[in-house]
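*Asks:* fold the following.
(one chain, ligands or ions: 1)
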Amino acid sequence: MTPYDSEPADRLVTAAADGEDQAVEAALRPKLLDEFIGQERVREQLSLVLQAARKRGTAPDHVLLSGPPGLGKTTLSMIIAAELNAPIRITSGPAIQHAGDLAAILSSLTEGEVLFLDEIHRMSRPAEEMLYMAMEDYRVDVIVGKGPGATAIPLELPPFTLVGATTRAGLLPPPLRDRFGFTGHMEFYAPAELERVVHRSAALLDVEIDPAGAAEIAGRSRGTPRIANRLLRRVRDYAQVKHDGVVDRTIAAQALKVYEVDARGLDRLDRAVLDALIRLFGGGPVGLSTLAVAVGEEAETVEEVAEPFLVREGLLARTPRGRIATPAAWQHLGLVPPVQTGPARAASGQGPRGPVPAQSDLFGAVEEP
Ligand SMILES: Nc1ncnc2c1ncn2[C@@H]1O[C@H](COP(=O)(O)OP(=O)(O)OP(=O)(O)O)[C@@H](O)[C@H]1O
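*Replies:* Have a look, this model is predicted:
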């Protein structure tokens with residue numbers, strides 16, 4: 001699924017899994033905690049939780065993993081099961097519409113099994129309430145019948161470990177959040193960590209890549225292993241079709257220029273937003289709906305798809321008066337930021353200054369093949 005319904009389906013830099021990702025990700029997932037790159041704090045804490053459970057011979061506390069898509073929550077849940085030598089059942093919040101759906105899953109778990117519940121914040125309220133009791137007492141009440149004649153039949157469950165994953169930890173009701181013994185917050189990956197991800201995946205996919213090629217892909221991957229793996233596959237295609245299959249910095253940059261992913265990981269939509277903001281509105285402030293019309297997209301698409309990364313990168317600011325391009329955004333487009341910034345400059349009607357960048361500058365100064 002995509003994180004936002006407004007996201008274009010073919011977007012190369014989306015953090016959500018597409019069909020091809022799902023097909024290849026199984027092969028690329030690290031299987032054990034030691035193979036899992038980065039997320040040092042979560043890894044260390046989780047390792048202690050798992051070792052202690054193994055020593056006691058009991059199921060570990062329930063685990064909540066929170067963080068943006070594509071950072072490795074599903075992978076970690078599988079690692080938890082593998083480290084415990086336990087089977088894993090995978091489901092998701094949207095798949096559990098009725099409490100009965102959850103009761104069916106819970107009642108079929110075996111002792112020690114790991115239940116991975118992705119997008120746990122999207123579960124229905126009755127299912128959520130059933131989960132409270134299951135997590136705490138390993139018991140559920142199955143309601144039989146309707147109205148005044150309805151009866152609750154208690155059902156004992158074997159001890160199991162719930163691993164919940166959410167991109168929106170803030171949306172979880174406190175009673176649910178409190179029932180997790182351990183919460184791991186996943187952070188975006190540093191470029192050096194993503195380089196290791198790229199090298200590891202390249203080895204698994206049998207792609208020859210040098211360190212500069214891996215660094216080039218890592219730098220455009222928006223802190224997200226899923227995107228790094230996807231860009232690697234597109235670069236591999238290019239290297240195999242246009243060259244001898246070996247990936248170096250030049251090949252990686254040329255390939256990603258073809259796919260319009262620039263040196264900072266911005267794609268066509270991201271750049272269109274900055275471009276309109278700067279060239280048409282002098283850097284802002286400008287209202288979201290006006291900006292959206294200028295780039296020919298829905299306001300929702302601009303707000304939910306393009307802006308989060310632009311804000312995170314410090315290229316765009318959301319202010320009560322509207323959107324503003326930061327000096328870094330001007331520089332990214334090869335323009336000289338005005339001395340005055342903000343409303344005063346907008347009021348003065350001062351436009352963009354400096355040369356319009358050649359496309360090659362944005363894409364990492366690559367030569368045409
Ligand atoms: N730390 C890591 N080391 C190596 N590869 C990783 C790491 N984290 C994630 N990956 C790779 O990134 C891909 C996406 O990871 P995963 O499916 O676990 O993300 P997720 O957080 O569960 O995403 P979603 O929220 O969309 O379900 C996987 O193919 C996995 O191989």
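
*Asks:* count of neighbours near F160?
*Replies:* Here the number of neighbours of F160 (other C-beta atoms under 10 Å) works out to 20. Backbone N, C-alpha and C define where each C-beta goes, glycine included.

*Asks:* do you know how far the residue of the stretch 51-200 of the chain found nearest the ligand is from A15?
*Replies:* As assessed by C-beta to the nearest ligand atom, the ligand sits closest to G72 within the stretch 51-200 of the chain, at 2.6 Å. Between G72 and A15 the computed distance is 11 Å (C-beta to C-beta, to the nearest Å).

*Asks:* T91 now?
*Replies:* 21 Å.

*Asks:* so the two - more neighbours on which side?
*Replies:* A15 (24 against 17).

*Asks:* element containing the more buried one?
*Replies:* Under DSSP states H and E, no helix or strand contains A15.

*Asks:* likewise for L155?
*Replies:* Per DSSP H and E: strand 151-156 holds L155.

*Asks:* in stretch 160-170, what's buried?
*Replies:* F160, T161, L162, V163, G164, A165, T166, T167, A169 (16 or more other C-beta atoms under 10 Å).

*Asks:* phi and psi next, for the fifth one.
*Replies:* The phi/psi pair for G164 (degrees, to the nearest 10) reads phi -100, psi 140.

*Asks:* repeat for the first one
*Replies:* The phi and psi torsions at F160 (degrees, to the nearest 10) take the values phi -140, psi 170.

*Asks:* and the gap between it and G93?
*Replies:* F160 is 17 Å from G93, by C-beta to C-beta.

*Asks:* again, but for the fifth one
*Replies:* In this view, G164 and G93 are 9 Å apart by C-beta to C-beta.

*Asks:* give me the common contacts of those two.
*Replies:* L117, I120 (C-beta atoms under 8 Å, 6 or more residues apart in numbering).

*Asks:* so how far is stretch 92-100 from its chain's centroid?
*Replies:* Computed by C-alpha atoms, centre = their mean, to the nearest Å, the chain-centroid distance of stretch 92-100 equals 22 Å.

*Asks:* how about stretch 22-34?
*Replies:* 16 Å.

*Asks:* and it, average pLDDT?
*Replies:* Per-residue pLDDT values over stretch 22-34 give a mean of 86.
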